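In: kindly return the folded structure for what I paste below:
(one chain, ligands or ions: 1)
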Amino acid sequence: MPVEMEKIVSLCKRRGIIFQNSEIYGGLGSTWDYGPLGVELKRNVKDLWWRSVVRERDDMEGLDAAILMHPTTWVASGHVESFTDPLVDCKKCKKRFRADDLEGESCPECNGELTEMRRFNLMFKTFMGPVEDEGAIVYLRPETAQGIFANFSNIQKAMRRKLPFGIAQIGKAFRNEITPGNFTFRTREFEQMEIEYFVKPGTDQEWYDYWVRERFDWYIKWGIKPENLRLREHGKDELAHYAKSCHDVEYLFPMGWSELEGIANRTDFDLRQHEKYSGRDLHYFDEVTKEQYIPYVIEPSAGADRATLAFLVDAYREEKVKGEKRVILSLHREMAPIKVAVLPLLRNRPEIVEMARRIAGDLRGHFKTVYDDTGSIGRLYRRQDEIGTPYCITVDVQSLTDKKVTVRDRDSMEQDRIPIERLREYLLGKLIQ
Ligand SMILES: [Zn+2]
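Out: Presented below is the predicted three-dimensional model:
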């Protein structure tokens with residue numbers, strides 16, 4: 001069984017991983033802030049994704065498009081027309097519900113009468129420029145994908161790319177969800193990690209299968225237990241308006257199996273629509289076969305917040321050590337927010353403190369390192385275990401004479417005695433894959 005969500009929420013708050021947004025004002029619904037350790041963890045998730053899908057491949061380019069786009073983008077993509085949820089209000093208690101979540105005819109909270117169902121568009125609207133009229137409406141993008149489609153031709157030409165190739169992007173997206181929840185799983189502001197992979201029509205199924213496998217394996221590579229991950233194919237009735245087929249990578253979250261990433265075959269829908277609405281030719285010219293066509297697109301679309309939450313939940317462990325409870329985040333070493341903690345065994349001995357601070361300073365340029373002397377050694381170890389720090393270095397009285405320190409492994413709790421001059425090399429071997 002996965003850990004209860006309350007335990008994760010509480011750990012996140014206690015240890016500076018994730019805080020309620022605007023907490024001093026009572027909080028803003030379903031909005032969360034990543035604290036000092038959370039920002040490191042989430043950055044690791046994004047960096048490892050970028051490394052896997054962009055830097056280590058020769059068929060991918062990166063992009064960082066603006067959040068605001070020409071409003072016609074969302075007409076072309078179908079979002080103005082169909083990106084809606086069915087909404088009903090209770091006339092008595094004024095609560096809002098998704099019509100498809102309700103069983104009966106009346107309000108599940110107070111049994112009051114409900115309004116007629118209406119379609120509610122999930123895009124956040126705002127105005128560009130000083131005049132708040134219809135002509136000035138722009139949207140906060142509900143997906144990063146459209147910034148990629150709009151730049152397909154720019155990137156293909158500037159980078160002299162031949163098919164197949166992909167474009168990857170990480171960025172914020174916004175959806176005015178009626179029922180957000182489950183901590184950072186479903187929020188109105190979130191961060192996506194999306195790939196649009198452009199292929200020749202007819203080869204799309206093969207590339208689709210490839211990306212489904214590739215993306216599933218990525219989560220396992222970086223620490224998710226295989227038994228907590230599964231693939232689920234969408235039925236014809238749940239497919240989005242643009243998709244020919246779609247698989248979800250699902251994770252066993254505390255609230256049950258839920259979507260971590262979707263891999264969709266978007267066909268040539270998006271580029272064809274943008275060609276139609278922009279009047280620009282978005283065909284690709286195949287120099288070998290002298291054919292012209294609109295590429296098909298395979299889209300692996302992941303959520304950075306969901307992935308971060310999944311890595312957190314999956315790493316959480318409680319165990320008994322000498323009769324005491326030990327909470328540990330057994331994160332993959334490269335995922336861990338802090339790699340090394342340097343701890344002086346005695347904080348009232350200036351020579352030990354000075355030596356520990358010097359060691360931390362030397363390591364800081366190579367690994368995310370902290371120095372901590374704010375408690376007893378047992379307490380300091382527990383704190384580092386709870387945030388998943390793979391290695392703790394302890395400087396003791398003996399270190400002053402033998403110039404060695406103790407390195408403790410988070411998972412096995414085994415300790416090695418290492419000469420200070422060999423410390424960096426020792427940690428490099430352990431921490432870098
Ligand atoms: Zn009601």
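In: burial of the nearest residue to Gly29 once chain neighbours are set aside, as a residue count?
Out: The shortest distance from Gly29 to any non-neighbouring residue, by C-beta to C-beta, 6 or more residues apart in numbering, is to Pro180 (7.1 Å). Every residue, glycine included, has its C-beta placed from N, CA and C. The criterion is other C-beta atoms under 10 Å. On that basis, Pro180 has 18 neighbouring residues.
In: go on, Met159?
Out: Using other C-beta under 10 Å, Met159 has 10 neighbouring residues.
In: wait, doesn't it sit right on Glu61?
Out: Yes: proximity of Met159 to Glu61 meets the contact threshold set by C-beta atoms under 8 Å, at 5.6 Å.
In: buried residues, whichever helix or strand Gln169 is part of. List them.
Out: Using DSSP states H and E, Gln169 sits in strand 165-174. For strand 165-174, the neighbour count (16 or more other C-beta atoms under 10 Å) marks Phe165, Gly166, Ile167, Ala168, Gln169, Ile170, Gly171, Ala173, Phe174 as buried.
In: so who does the fifth one touch?
Out: By C-beta atoms under 8 Å, 6 or more residues apart in numbering, the contact list for Gln169 reads Gly62, Leu63, Asp64, Ala65, Thr144, Gly147, Ile148, Gln192, Met193, Glu194, Ile195.
In: same check on the fourth one?
Out: Taking C-beta under 8 Å, 6+ apart, we find Ala168 in contact with Trp50, Val53, Val54, Met60, Glu61, Gly62, Leu63, Met193, Glu194, Ile195.
In: show the pLDDT at the fourth one.
Out: Right, Met60. Looking at Met60, its pLDDT stands at 98.
In: so what sits opposite it in the bridge?
Out: Note on Met60: beta-bridge partners Gly166, judged by DSSP bridges.
In: quick one on the thing from earlier: for PyMOL, write a command that selects the buried ones of the contacts of Gln169.
Out: Here is the PyMOL command that selects only those of the contacts of Gln169 that count as buried (16+ other C-beta under 10 Å):
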select buried, resi 63+65+144+147+148+192+193+194+195
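In: ok, of the contacts of Gln169, which one's closest to the ion?
Out: Distance ranking of the contacts of Gln169 against the ion, using C-beta to the ion, places Gln192 first at 34.2 Å.
In: surely the closest one is in contact with Ser301?
Out: Yes: taking C-beta under 8 Å as the definition, Gln192 is a contact partner of Ser301 at 6.4 Å.
In: who touches both of the two?
Out: Common contacts of Gln192 and Ser301, defined by C-beta under 8 Å, 6+ apart, comprise Glu143.
In: on that earlier part again, can you list the buried residues of strand 165-174 in JSON lines and add pLDDT and distance to His241?
Out: What follows is those, written out as JSON lines (pLDDT from 0 to 100; distance: C-beta to C-beta, whole Å):
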{"residue": "Phe165", "pLDDT": "98", "distance to His241": "26"}
{"residue": "Gly166", "pLDDT": "98", "distance to His241": "22"}
{"residue": "Ile167", "pLDDT": "98", "distance to His241": "22"}
{"residue": "Ala168", "pLDDT": "98", "distance to His241": "24"}
{"residue": "Gln169", "pLDDT": "98", "distance to His241": "22"}
{"residue": "Ile170", "pLDDT": "98", "distance to His241": "25"}
{"residue": "Gly171", "pLDDT": "98", "distance to His241": "23"}
{"residue": "Ala173", "pLDDT": "98", "distance to His241": "18"}
{"residue": "Phe174", "pLDDT": "97", "distance to His241": "20"}
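In: so the chain: which segments form each domain?
Out: Using automatic domain parsing, the domains assigned to the chain come out as 5-68+145-312, 338-431.
In: quick one: the closest residue to Met413 other than its chain neighbours from the ion, how far?
Out: Residue nearest to Met413 in three dimensions, not counting chain neighbours: Val321, with 7.4 Å by C-beta to C-beta, 6+ apart. Relative to the ion, Val321 is positioned 50 Å away (criterion: C-beta to the ion, to the nearest Å).
In: that concludes my questions; thank you for your assistance.
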